[in-house]
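Asks: Structure, please.
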Amino acid sequence: MNKLNVDKKIIGFDMDGVILNNSKTKIELARKLGFNLELHHTPFEIMRTMLPQVVLEELQKMLYFTHEIAVKTPLIKGARNILMELSQKNIPYYLISRRKLPEIAIKTLRQRRVWPKYFNDNNSYFVDRPEDKDSQAYKLGITHYIDDELRNIDALVSVPNKYLFDPFNVFKDAKHYTRIKSWQEFNTHIDL
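Replies: Model prediction:
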């Protein structure tokens, strides 16, 4: 693939923490496991410094593999509006997630009425590692990618415009990426 023309936007999204808001569910699950978290503790990179590994793994198992919990996850405020605007303007966009059980992720997106209207088998990819996100982004020609984990963004070497979704303002030192706190703020950066 040749060097990308950034005037033609091709947007890539992570799912959890970007499209789906599982922060309150993380707090509830942590409480059930004997730990108190606040909203600003819910980004994964913060949680893993606050919870023992065995507790973190149990929380993730309940959050992502338990159908009854997963399908109740709401959309992040403004996500549907961005998806609608991208669709109306025929700007290509893709979901690239590291969810281990795509079928539960799809059921959750269907429950939120964004599958198959905005995300579907033609524009959604489930991968294993952060490096796999970059490989998929390269194949798709993604010019702008939004993720809420630094390790994923660090791995996206082929994407020229990377956005760190940081609604709780916890990654103040991540100055090498454009930090955004909301979908409205993202919209101002890409000028839809």
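Asks: domain parsing for this protein?
Replies: Listed domain ranges for the chain are 11-20+74-190, 23-70 (source: automatic domain parsing).
Asks: Most tightly packed of these?
Replies: Highest mean neighbour count among the domains of the chain (mean count of other CB atoms under 10 Å): domain 11-20+74-190, with a mean of 18. No exception for glycine: its C-beta is placed from N, CA and C like everyone else's.
Asks: what's the spacing between that one and its chain's center?
Replies: Relative to its chain's centre, domain 11-20+74-190 lies at 5 Å (CA atoms, centre = their mean, to the nearest Å).
Asks: now stretch 44-57
Replies: For stretch 44-57, the distance to the chain centre is 18 Å (CA atoms, centre = their mean).
Asks: CA atoms of it as CSV?
Replies: Taking C-alpha atoms only, stretch 44-57 is exported to CSV below (Å, rounded to 0.1, in the frame of the first residue of the first chain):
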residue,chain,number,x,y,z
PHE,A,44,-7.4,-0.9,32.0
GLU,A,45,-3.9,0.5,32.4
ILE,A,46,-4.9,2.0,35.7
MET,A,47,-6.9,-1.0,37.0
ARG,A,48,-3.9,-3.3,36.5
THR,A,49,-1.9,-1.2,38.9
MET,A,50,-4.6,-1.3,41.5
LEU,A,51,-5.9,-4.8,41.4
PRO,A,52,-4.0,-8.1,42.0
GLN,A,53,-3.6,-10.0,38.7
VAL,A,54,-5.9,-12.8,39.8
VAL,A,55,-8.6,-10.3,40.7
LEU,A,56,-8.1,-8.4,37.4
GLU,A,57,-8.4,-11.6,35.4
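Asks: Would you state the strands of this protein in chain order?
Replies: With DSSP state E, the ranges of strands along the chain come out as 11-13, 93-97, 124-126, 144-147, 161-165, 178-180.
Asks: if I look at the residue lying closest to Phe126 once chain neighbours are set aside, how far off is Leu109?
Replies: Nearest non-adjacent residue to Phe126, counting by CB to CB, 6 or more residues apart in numbering: Pro102, 4.2 Å away. Distance, Pro102 to Leu109, using CB to CB, to the nearest Å: 10 Å.
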